[in-house]
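S.K.: How does the following fold in three dimensions:
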Amino acid sequence: GLGDVYKRQESGVCADRNQDHPLQERMENKEINLSLKNKNMEVTVMPNPASVEKQQGLNQVVINKVQRMVEGKRQGVMETIARLLDEGKIAQDFIAPIGVNLRGKEKQPVISFRAADRVQMTMPEGNFSLHGNAISQISEKMGVPAKYLRELSGGDVWQKQLCATILNEHSGWTARTRVLIRAVGMEVRGVLSDSYRRLNSVDILTAFIREAANQGAVVSDAYMNDTKVWCETILPTPIEIPTRKNGTVIIFAGARFSTSDYGNGSVDMRSFLLNGACLNGMVRESVMRQVHLGARLPDSLALSQKTYELDTQTTVSAVSDLTKGLYNKDTLMQKAIEIQGASEIDVDFDKELKQLVQKGGLLKSEGREVEKLLMNNNPEDGVTGGATLWKLTQGITAFAREQEPERCRELHEISGQLMNRVKTN
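M.R.: Numbers count the residues shown, from 1 in each chain. Coordinates of the predicted model:
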């Protein structure tokens, strides 16, 4: 199972914890020894054993730091896996109609809404409380502004009652559509299209961790909220990247996987880069955005069990192949060259941050905090050297380290998007 795959992979990391140079041996076995020819500059990205001696002191500090980070995250990873498994046991799916048959002058919807301590959805199966994500999805289906209804649903008693009233009123005037209702216990987390492709997230995440482990990687972090799960994996061996304007960057390369069973994002995989000096994370563009849409689900979900298994199987093999691809030497080499490229692009921090705020990537207050980090020029934050695109990405991801897990990962994506400006041949 998922827990066992993670534990097996973990024991591999800890086995060498008591040696003087815990991962040194692994570094020498896993020699990639890449030579970079970039603008007449030849550099070794993965040090060969001779230059390992020179860098050993610094690398060892960084390796130990990353290893401590991995160990510190272990509890959170275990809790994420436990939560995914536990919620899977009490998850329920229903196919139900919302709205009414307008032509048939039908006035009583099958599903109605009421307000108790939370806004609830009343179905033949019982009263289910509605998660904010589900409220947004229903409001979109009924043409009500989602933000407004979500605010009402989280407000005082009268606001919750108003929310239920609005939903009931709109139900009576909305043309009837079939939806897939996904609940965990007695809480509805998602109200989705009846063509939503249901997948077994446990199997898919297991495939991701297993394939990453086959590539020599370890789980560095994982997090799950009510509607989404993320998992990051890295090679425990750093890649040294000499840059022209921002010193030597020591990167632990890997892959990030995320998915949602409740319509809050598709199955998604990206390159993940961890800066060893400061533990700033970053993800690059998605290599897989598998939208959960398939054929219409039958009224009896038992009939679609076969489709569920086949769709999961297809996704498992796609995830395994993509994970292998993200750990491929050429991919790692490409990421190293892109970091060098980003260090050659000069940028105006003030202008860049204003643009990010205008486009809605950063809040105004976040832009100010990132600016402070860039001014401080602290190597502990991964922010050193010239005013380059690379330094800007590190300012954003240094800020991300202190944010909530969801926001932190969004900022990893925002900084990674900036890297798309690097054109490498």
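S.K.: Who are the packing partners of the helix or strand hosting residue 165?
M.R.: Element membership for residue 165, per DSSP states H and E: helix 157-171. Counting contacts by 3 or more C-beta pairs under 8 Å, 6 or more residues apart in numbering; DSSP states H and E, helix 157-171 packs against strand 112-115, strand 119-123, helix 132-142, helix 146-153. From N, CA and C alone the C-beta is placed, and that goes for glycine too.
S.K.: List the buried residues of the last one.
M.R.: Counting neighbours by 16 or more other C-beta atoms under 10 Å, one finds that the buried residues in helix 146-153 are 146, 149, 150, 152, 153.
S.K.: The third one is in contact with residue 138, isn't it?
M.R.: No - using C-beta atoms under 8 Å, residue 150 is not in contact with residue 138; the gap is 10.5 Å.
S.K.: Could you list the low-confidence segments of the protein?
M.R.: 10-56, 104-107, 289-293, 425 (pLDDT under 70).
S.K.: What ranges does it have for its strands?
M.R.: 35-38, 41-44, 91-98, 112-115, 119-123, 126-130, 177-184, 187-193, 218-224, 229-234, 239-242, 248-259, 267-275, 280-290 (DSSP state E).
S.K.: Would you format the ones you listed as CSV with distance to residue 411 and mean neighbour count included?
M.R.: Converted to CSV, these look like this (distance: least, C-beta to C-beta, whole Å; neighbours: other C-beta atoms under 10 Å):
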stretch, distance to residue 411, mean neighbour count
strand 35-38, 28, 13
strand 41-44, 29, 12
strand 91-98, 30, 17
strand 112-115, 36, 18
strand 119-123, 31, 21
strand 126-130, 29, 18
strand 177-184, 28, 21
strand 187-193, 25, 23
strand 218-224, 14, 24
strand 229-234, 13, 25
strand 239-242, 21, 21
strand 248-259, 13, 24
strand 267-275, 13, 24
strand 280-290, 9, 20
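S.K.: Distance to residue 315 for those strands - can I get that in TSV?
M.R.: Shown next, in TSV, are the strands of the chain (distance: least, C-beta to C-beta, whole Å):
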stretch	distance to residue 315
strand 35-38	35
strand 41-44	38
strand 91-98	17
strand 112-115	34
strand 119-123	29
strand 126-130	28
strand 177-184	17
strand 187-193	17
strand 218-224	18
strand 229-234	14
strand 239-242	30
strand 248-259	9
strand 267-275	6
strand 280-290	6
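S.K.: and residue 86, how many neighbours?
M.R.: 11 (other C-beta atoms under 10 Å).
S.K.: Next: residue 323.
M.R.: The burial count assigned to residue 323 is 27, neighbours taken as other C-beta under 10 Å.
S.K.: Next: the one 4 residues further on.
M.R.: Residues contacting residue 327 under the criterion other C-beta under 10 Å number 22.
S.K.: Please tell me how far it sits from residue 125.
M.R.: Residue 327 is 44 Å from residue 125, where distance means C-beta to C-beta, to the nearest Å.
S.K.: List the buried residues for stretch 153-160?
M.R.: So, applying 16+ other C-beta under 10 Å, buried residues of stretch 153-160: 153, 159, 160.
S.K.: CA atoms only for that stretch - export them in CSV, please.
M.R.: Provided in CSV are the C-alpha atoms of stretch 153-160 (Å, rounded to 0.1, in the frame of the first residue of the first chain):
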residue,chain,number,x,y,z
SER,A,153,-21.9,30.3,4.0
GLY,A,154,-19.0,31.2,6.3
GLY,A,155,-20.9,34.1,8.0
ASP,A,156,-23.4,34.5,10.9
VAL,A,157,-26.7,32.6,11.3
TRP,A,158,-28.7,35.0,9.1
GLN,A,159,-26.0,34.8,6.3
LYS,A,160,-26.1,31.0,6.3
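S.K.: Need the contact partners of that stretch.
M.R.: If you take C-beta atoms under 8 Å, 6 or more residues apart in numbering as the criterion, stretch 153-160 is touched by 115, 118, 119, 130, 132, 135, 151, 152, 163.
S.K.: now stretch 116-127
M.R.: With C-beta under 8 Å, 6+ apart as the test, stretch 116-127 has contacts from 92, 94, 96, 110-114, 128-130, 134-135, 153, 160, 163-164, 167, 181, 186, 188.
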